[in-house]
Structures are given as structure tokens and as C-alpha cells.
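# Take this sequence and fold it.
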Amino acid sequence: MFSQLRPIPVRTGLLRTRYTVRPLRAFPPIRSHATHGHGHGHGREHGNTHGPLIDRSTREGTQVTLAGLGLNVGLTVAKGAGGMMWHSSSLIAEAVHSLSDLTSDFVTLFSYRKARAPPSRNFPLGYAKLEPLGGVIVSGLLIAAGVGIALNSAELLYTLLTHPTPTSTAHPLPPIALYIMVSSVVLKEAMYRWTLHIANRVDSDVLRANAWHHRLDAASSSVALAAVAGAVYGVPWFDPVGGVLVAGMVVKAGVESGMPSLMELLDAVAPEWMTKDIEQTLDTYVAKTADIAFLSNLEVRKAGPVAHVAVRLSVSDATTMSVARANEVSAEVEKELKEKMGDASDLIVSVRFDGHSATLPATPAANPAVNAINKR
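Next up, the predicted model:
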């Protein structure tokens, strides 16, 4: 992997000597540097790679999203045709709802796939944050739909309470129309469970948000069924009361599915379970490595399918470690974390020499500019 890398010395104002490793041909650059200031240090930074695990998760997420998109197209046609044929406002409203869900499916499909695309020249760090951005958009659509349902249901309930009307004008839908709505409930609930299963397996917030969109469709279809039954049996307020309950569930789902995506966009720390898993892996490595004293720092952030991990390991004062050995330690830590996390990771591993005992490349003493920096 590093056979085509070459060290390029770089002088900085605070660090005495820094070595930046750049690939000769590969793009984007993978940087590695050795630094020593207050203490000595050596580090490696590894760019994220999209290997077989990413390919498999991309395929699974795409399949379940396309299945949901196809189902929404079918339900839109069926409900719309039935609503116009039988003059059913419930079916027409359901058709419009299913049509609006196509927007969510397209946002999910684009953001999920693009987030796993390889980096480009304009986006050298990749597109991973498109996934949490898509999650925020889908969650926003959920919240907006919930608020709309709540306002409409509250208005209808107010009208029924202030201007009661006889229920003899209610017309039950023909059996085939009821079958359409029952099928919508069953199929959408199945899509919710399938999408949520894939979302949890590949750890995708945008898929989780889309899964809750399927659950919203199942719930709204259930409310439509209850509204028809209520009208038939002389209980017209079934529809608005059920709508308010569904709206509350939808808004709650939108907030809960959107907050993790928002935190990822803001570069908040990764979920506690992820950090603890990585910390346990590093503690195990430190315990079996004699020349590493302790894990001095660990920072973990999550951006869509990529986990950004920065690790700093400290060497005891009595230990003498060469730069070559520090490279070996960094490679060993990288291997341990790759086995734990898979290829979807961006790693920075630093080894800090607190006792100034490491053998590092000598700073050119004859260079006045470097001597001036070293005296600072």
C-alpha cells in the first residue's frame, strides 16, 4: 500500500520537522507525518477506502430503496385510479400522499449511493456527509407531513364539534377500494421492517428516516380505513382524532431519526457504543504491546458510512523507539481497527514520545532557516 510513497520534509513554525507522505500517482493524497515539539511523535493518516463491505451495503440499501420506490409508484396509481373512479376523497388523498413519498425515495436513493462514491478532485474527502444531509431532508419531510396532518385533522375535528352534521351522507367504499387500503397498510409495514433491518445492518440514518416514512404511510392508510369505518357506523370523529395521533407519532419519528444525522453534519462525537468498541480494541492492543505505555487520546466522528478515528498512543520515558518501530506500531493499530470496523474508516494514528528518546531523522543543522525554527 505504501510502496509508492515518498517522504517530503516540510518546515513549520511550531514543529521542528514534519514529514508529509504523498502518493506518487494515487488520488486523493494519503498523508503521513512524523512530528516532535514538546514531545516527539510519529503518525500516519489513512484515507478511507470503499471496499467490499461498502459495495455490499450500497447494493443492499439501493435494492430496498428501489423496492420502496416501485411500491410507491404502484400505490399512487392504484389509489389515484380508484379515487377518481369511485369519487373517494380518502383514496385521492392517499394517492397524493404516496406521490409525495416518491420525493423522499429519490432523496434517499441519491444521498445513500453518492455518499459511498469514491473521492473526486473537487471533493478529495469524499461525499460521506451527503448521507446525513439526506437524513435531515427526509426527517424534515416527515416532520412537515406530521404537522400538516395535525393541522388538517384539528381543523376537521373543530368543524365537527362546532357544526355537527348527520352521518347519513357517508358512503362506504366498494370492497376493492378497501382491499387497496388494506394492501397499502400491509405492504408499507413490510417495507418499514425491511428498510429498518437494512438500515440497522449498514448503520444508515437516511435509510432509518425512510423506513419511518413507510411506517407513516401504513399509519395514514390505517387512519383512512378507520375513517371509513367510523363514517359507516356513525362515528365521524374517528378520522380527525386518528389523524392527530398519527401526526404526533410522525413528528416524533422525524425528530428522533433526524437528530443523529444533524449531529453528524455538525461533526459531533460518534455514538457512545462506537467509541467504546474502538477504545476496547485499542486497550487490548496496548496491553499486549510492551513499548506502548497507554492510550492518551481518542477522537471518533461519524459521517455517513465513514468513521473518522484519531488515535494517540504514548510511549514511556524509559523506552527507546525508532521511527521504523513507530511505523510498525501505527500499521498494527491500523490493522486492529480495520478488523474491527471494516474498510469504511478514516484513520489517524499517532505515537507520542514523551521522553525525547526516539531516534528520528536529524534536522539539517547547516540550514539557518531550520536552526531558527528549532530555537523557537
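# how near is V244 to L160?
According to C-beta to C-beta, to the nearest Å, V244 stands 13 Å off from L160. Using the backbone N, CA and C atoms, a C-beta is placed for each residue, glycine as well.
# tell me the domain ranges of this protein?
Following automatic domain parsing, one finds the domains of the chain at 5-47+270-374, 54-265.
# quick revisit: V244 and L160: which has the busier surroundings?
Remark: of V244 and L160, V244 carries more neighbours, 18 against 15, as counted by other C-beta atoms under 10 Å.
# Grab the nearest non-local neighbour of the more buried one.
Spatial nearest neighbour of V244, excluding adjacent residues (C-beta to C-beta, 6 or more residues apart in numbering): S153 at 4.8 Å.
# contacting residues around that neighbour?
Residues in contact with S153, defined by C-beta atoms under 8 Å, 6 or more residues apart in numbering, are 239-244, 247.
# 7 Å - rerun?
The neighbours of S153, taking C-beta atoms under 7 Å, 6 or more residues apart in numbering as the test, are 240, 243-244, 247.
# pLDDT score assigned to it?
Note on S153: pLDDT of 77.
# follow-up on the earlier one: take the contacts of S153 and keep only those in helices.
Judged by DSSP state H, helices contain the following of these: 240, 243-244, 247.
# I'd like to know which of those residues are buried.
Buried subset of the ones in helices among the contacts of S153 (neighbour count, 16 or more other C-beta atoms under 10 Å): 240, 243-244, 247.
# Just checking, which of those comes out lowest on pLDDT?
Minimum pLDDT across those is recorded for G243, with 71.
# what separates the nearest residue to that one once chain neighbours are set aside from V147, distance-wise?
If the residues on either side of it in the chain are set aside, G243 comes closest to S153, at 3.0 Å by C-beta to C-beta, 6+ apart. Separation of S153 from V147 (C-beta to C-beta): 11 Å.
# do the same with D105
In terms of C-beta to C-beta, D105 sits 21 Å off from V147.
# Show me the helices in this structure, by range?
Taking DSSP H as the test, the helices found in the chain are 52-86, 89-114, 130-162, 175-202, 205-232, 238-265, 272-287, 323-341, 368-374.
# average pLDDT for stretch 119-136?
Here stretch 119-136 scores 86 as its mean pLDDT.
# cool, stretch 346-354 as well?
In the prediction, stretch 346-354 has an average pLDDT of 73.
# thinking again about what came up before, worst average pLDDT in the helices of the chain?
Mean pLDDT values for these show the minimum at helix 368-374, a mean of 39.
# Give me the pLDDT for L14.
You'll see L14 listed with a pLDDT of 28.
# one step back: more neighbours: which of D105 and V147?
Regarding D105 and V147, a neighbour count based on other C-beta under 10 Å identifies D105 as having more, with 22 against 14.
# which residue packs closest to that one, ignoring adjacent ones?
Counting by C-beta to C-beta, 6+ apart, L69 is the residue found nearest to D105 once chain neighbours are left out, at 4.1 Å.
# so who does that neighbour touch?
Listed by C-beta under 7 Å, 6+ apart, the contact set of L69 reads 102, 105, 109.
# So it versus L157, what's the distance?
34 Å.
# Then G242?
Distance of G242 to L157, computed by C-beta to C-beta: 10 Å.
# what about these two, which has more around it?
Set G242 next to L157 and count neighbours by other C-beta under 10 Å: G242 wins out with 21 against 17.
# my guess is the more buried one contacts L225, does it?
No - using C-beta atoms under 7 Å, G242 is not in contact with L225; the gap is 9.5 Å.
# Residues touching stretch 268-285, excluding its own?
By C-beta under 7 Å, 6+ apart, stretch 268-285 touches 295, 298, 300-302, 307, 309, 311, 333, 336-337, 340.
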